[in-house]
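Asks: Give me the fold of what follows.
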Amino acid sequence: MGYAENLLDTPYPFDAPKSQHLLSTALVTVPQEVKCRTILDYRGGGGAFSRQLSVKYPSAMIFCYEPLLVQRMEARHALSGIDNIELISKIKLMPKESIDVIFCLEVLEHYLTSETLVALELIKTILKPQGLLVISIPIEVGLTAVRKGYVRRTNRPGEWDTDLFRILGALLGLPPRIRPVSRVGDSFPFHLHDFGFDYRKFIKQIEREFRVVDRAYYPLGKWGGVNEL
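Replies: Got it, this is the predicted structure:
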């Protein structure tokens, strides 16, 4: 079962396991000519991707940013003994324009609009002027919405993101405008479900803030993709 389908098995969507295909795809998106001396794994969760980064870039300093204590403790255990990874809990303390490459995979679709704006501003602050930002987001409109909706209805009928009328609306390019907001313990509010996220609006926002150099749909290209990277 993929990331989108087992999301509700975890209290925090940021801790849901990311597919190996996603991680592998993200790794090959960085052109060879890009300098990778400092790398940030934004919301690194349990540290799985940071570990892969440390193998591919053994000479780089990798920062695994995870603010949630439970996930940070898991990452500390998983990354123990890896010299070129530093686990951090506060991105605001990082020096300005200090990071060459930032990976933000399957995270921002869960942020409220206000949190997204703050996150992007912080990312812009610590990213070097010629740095690279790699973002992965889910596609939840068009035929992909039906495909994912079918899986969700099969696995957990009755949930908010399995409603047939909402799914049909997303098929027509009209995802729900209002998404449920969740909160676990002392965590900040977030959207638990991928469904309802409109990647088209998000891309427009990214294009206003950054210079987009490439876009890729996976695993099956633009018309069969379930995510955009």
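
Asks: hey, let's count contacts and neighbours off CA atoms from now on
Replies: Will do.

Asks: Following the longest strand belonging to the chain in sequence, what is the next regular element?
Replies: Assignment by DSSP state E gives strand 127-138 as the longest strand of the chain. Using DSSP states H and E, the helix or strand that follows strand 127-138 in sequence is helix 143-155.

Asks: In CSV, could you pull the C-alpha coordinates for that following helix?
Replies: Below are the C-alpha coordinates for helix 143-155, written out as CSV (Å, rounded to 0.1, in the frame of the first residue of the first chain):
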residue,chain,number,x,y,z
LEU,A,143,-8.3,10.8,-13.2
THR,A,144,-5.8,10.4,-10.4
ALA,A,145,-8.4,11.5,-7.9
VAL,A,146,-10.7,8.6,-9.0
ARG,A,147,-7.8,6.1,-8.9
LYS,A,148,-6.8,7.2,-5.4
GLY,A,149,-10.5,7.6,-4.3
TYR,A,150,-11.2,4.0,-5.3
VAL,A,151,-8.3,2.7,-3.2
ARG,A,152,-9.3,4.8,-0.2
ARG,A,153,-13.0,3.8,-0.4
THR,A,154,-11.9,0.1,-0.6
ASN,A,155,-9.5,0.4,2.4
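
Asks: Show the average pLDDT along that helix.
Replies: Mean per-residue pLDDT for helix 143-155: 92.

Asks: cool, and stretch 216-229?
Replies: Mean predicted lDDT for stretch 216-229 stands at 57.

Asks: thinking again about what came up before, show me what the longest strand of the chain is in contact with.
Replies: With C-alpha atoms under 8 Å, 6 or more residues apart in numbering as the test, strand 127-138 has contacts from 26, 29-30, 34, 96-109, 194, 197, 199, 226-229.

Asks: can you pull out the helices in the protein?
Replies: For the chain, the helices defined by DSSP state H cover 3-6, 20-28, 48-56, 69-78, 113-126, 143-155, 164-171, 199-209.

Asks: just to revisit the earlier point, strand partners of the longest strand of the chain, parallel vs antiparallel please.
Replies: With DSSP bridges as the test, strand 127-138 is paired with strand 99-105 (parallel), strand 227-228 (antiparallel).
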